[in-house]
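**Student:** let's see this in three dimensions:
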Amino acid sequence: MDLFEVGDCSGDVQKYVRAELARIATNIGDEEWPGEETARNLVSRSNGHMLYASTVIRHIDDPYDDPRERLKNISNSYYDFPPDSAHSTPFISLSELYLQIMRSCPASSRALMVEVLEDIAVTRSLFQERFGLQPALATLDSLSGRAPGSGIRAIRGLHAVLHPSNTSAAWDRSLIPFIHSSFSDFLMDPQLSFEFAINEEQVIDRLFGICLERMSTITTQNKVEKAVLQLALFVFQLLRGWSSEEDVQSCQDEYLKAFQELLKFNLATGFIKLISPPASGFDFFFVAHFSLRFLDSFHSYEEHESLDHVYSSIKRALIHVLHHSQQIGVLNLNWHHTFGLQYVDRFYWIYTTRPDEWKSDEIVRALKGLRRSDHRPHEEWFNFLMSEIKLSSRAHRIKPVLDYIYNDED
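**Tutor:** Sure thing, here's the model as predicted:
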């Protein structure tokens, strides 16, 4: 719903503004506030747009600050934006408000506030909406080496533009941290957000280095926090930032270094940690699939060596899942979204496209073993896996090998 188009009648906005100001005045024990002139000024600034009015109300209704002072600062704020700006007048007014909200935060914490907003903006698709912003920030704090709670404290003054948790959201809905998309647009436009502007490429470079460093710590013994591990493996999605060979040529040294770093990581252990209880909701196989497609488009020795390493690591993780279904137990029937079983066929297909290799392929042998098992959990696990694969739009491509798995022939 676009709040630029909701309540565009000035009368609706005026009723809302006056009612909310009266409520806040009662809460602070100053029923003479804000006065008729100030109320009219806010209604006029809203220009009939409910989004502007509601953002102001959320901003001034802050238990940690004085609403009177906040509204006064908004009323007195004017900024000179470029006259050739392509944005509409309502968006410019909203940008002025967003800038005032950002500048109302303590100067000493603004650098950290921007860093946290950068992290949120780039990684939001990896978190689930129903868990809300706070768990995501805790993970980002841990990944970036910030003190626990630093992230949520840094953006505490931005409650007017950030969403609380939405526990009723669908399990597969990605985090939507901003109340309205216009705030994200504002952050990405340096002509509007000035010192608060976010450069996504620079953010990805920063997180890329952090993720590589964190991935290098993965071993079978250490207890890496699962949520942090998930985000560290975000490196695969970041690799998609290079979208063409031309892009690679422009950053050749960084690109080759990334491939060399991949060879050092115990990726299989990382994958296995991700698909082991407790559930995470992080669809890593989906991310890995697109990264493999990207890696496969280049041809240097380092790239092929890294690609082989990633392929073999994914295969080892899949085989682990197939051989340890009893250990995972009944949970696997409820957790198909956790590790993206709807994409298993894509990796399965990678390893089983040549009929002469089917008999010796470990994944094929493991699936045939599950099918033949008399142990009920194994039978349920096999049936579930195969039903997921058959539902895939790519199932027809691997029908011969699926028939082979169902066949008693060895």
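**Student:** can you give me the buried ones in the helix or strand harbouring Arg214?
**Tutor:** Per DSSP states H and E, Arg214 falls inside helix 200-215. For helix 200-215, burial by neighbour count (16 or more other CB atoms under 10 Å) applies to Val203, Ile204, Arg206, Leu207, Phe208, Gly209, Ile210, Cys211, Leu212, Arg214, Met215. The way it works is simple: take the backbone N, C-alpha and C, and place the C-beta from them, glycine included.
**Student:** identify the residues contacting the residue nearest to Arg206 when sequence neighbours are not counted.
**Tutor:** Nearest residue to Arg206, sequence neighbours excluded (CB to CB, 6 or more residues apart in numbering): Glu118, at 7.8 Å. Residues counted as contacts of Glu118 (CB atoms under 8 Å, 6 or more residues apart in numbering) are Ile198, Val203, Arg206.
**Student:** next one: Ala366
**Tutor:** Ala366 neighbours (CB under 8 Å, 6+ apart): Ile319, Leu322, His323.
**Student:** what about the last one, how many residues close to it?
**Tutor:** Around His323 sit 13 other residues, with neighbours defined as other CB atoms under 10 Å.
**Student:** mind checking pLDDT for it?
**Tutor:** Predicted confidence (pLDDT) for His323: 72.
**Student:** so what's it closest to, chain neighbours aside?
**Tutor:** That would be Ala366: by CB to CB, 6+ apart, it lies 5.9 Å from His323.
**Student:** now swap in the second one and tell me
**Tutor:** In space, Leu322 comes closest to Ala366 once its chain neighbours are excluded; the distance is 3.8 Å by CB to CB, 6+ apart.
**Student:** mind checking how far that neighbour is from Trp381?
**Tutor:** With distances taken as CB to CB, to the nearest Å, Ala366 is found 11 Å from Trp381.
**Student:** please identify which of the contacts of Ala366 is nearest to Thr26.
**Tutor:** Of all those, Leu322 has the smallest distance to Thr26: 63.1 Å, by CB to CB.
**Student:** still on that earlier bit, which among the contacts of Ala366 gets closest to Asp30?
**Tutor:** Nearest member of the contacts of Ala366 to Asp30, counting by CB to CB, is Leu322, at 67.3 Å.
**Student:** what's around the closest one, how many residues?
**Tutor:** By other CB under 10 Å, neighbour count at Leu322 equals 20.
**Student:** for the buried residues of helix 200-215, give me JSON lines that also has distance to Thr123 and pLDDT.
**Tutor:** As requested, these are exported to JSON lines (distance: CB to CB, whole Å; pLDDT from 0 to 100):
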{"residue": "Val203", "distance to Thr123": "9", "pLDDT": "88"}
{"residue": "Ile204", "distance to Thr123": "10", "pLDDT": "81"}
{"residue": "Arg206", "distance to Thr123": "12", "pLDDT": "85"}
{"residue": "Leu207", "distance to Thr123": "7", "pLDDT": "83"}
{"residue": "Phe208", "distance to Thr123": "12", "pLDDT": "75"}
{"residue": "Gly209", "distance to Thr123": "15", "pLDDT": "78"}
{"residue": "Ile210", "distance to Thr123": "11", "pLDDT": "81"}
{"residue": "Cys211", "distance to Thr123": "10", "pLDDT": "76"}
{"residue": "Leu212", "distance to Thr123": "15", "pLDDT": "72"}
{"residue": "Arg214", "distance to Thr123": "13", "pLDDT": "73"}
{"residue": "Met215", "distance to Thr123": "15", "pLDDT": "68"}
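**Student:** format these as TSV; extra columns: distance to Val56.
**Tutor:** Shown next, in TSV, are the buried residues of helix 200-215 (distance: CB to CB, whole Å):
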residue	distance to Val56
Val203	29
Ile204	33
Arg206	33
Leu207	33
Phe208	38
Gly209	39
Ile210	36
Cys211	38
Leu212	43
Arg214	40
Met215	44
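**Student:** show me where this protein has strands.
**Tutor:** Under the criterion DSSP state E, the chain carries no strands.
**Student:** doesn't Ser373 make contact with Glu379?
**Tutor:** Yes: at 6.4 Å, Glu379 counts as touching Ser373 under the criterion of CB atoms under 8 Å.
**Student:** so which of the contacts of Glu118 comes closest to Val43?
**Tutor:** For these, the nearest to Val43 is Ile198 (31.8 Å; CB to CB).
**Student:** I figured the closest one hits Ala121, correct?
**Tutor:** Yes: using CB under 8 Å, Ile198 is in contact with Ala121, at 5.7 Å.
**Student:** out of the two, which sits in the busier spot?
**Tutor:** Ile198 (20 against 17).
**Student:** and the helix holding Arg214, what other elements does it pack with?
**Tutor:** Applying 3 or more CB pairs under 8 Å, 6 or more residues apart in numbering; DSSP states H and E, we find helix 200-215 packed against helix 110-123, helix 133-144, helix 226-232, helix 235-238, helix 252-262.
**Student:** still on that earlier bit, look up how far Met386 lies from the residue nearest to His323.
**Tutor:** On the measure of CB to CB, Ala366 and Met386 end up 13 Å apart.
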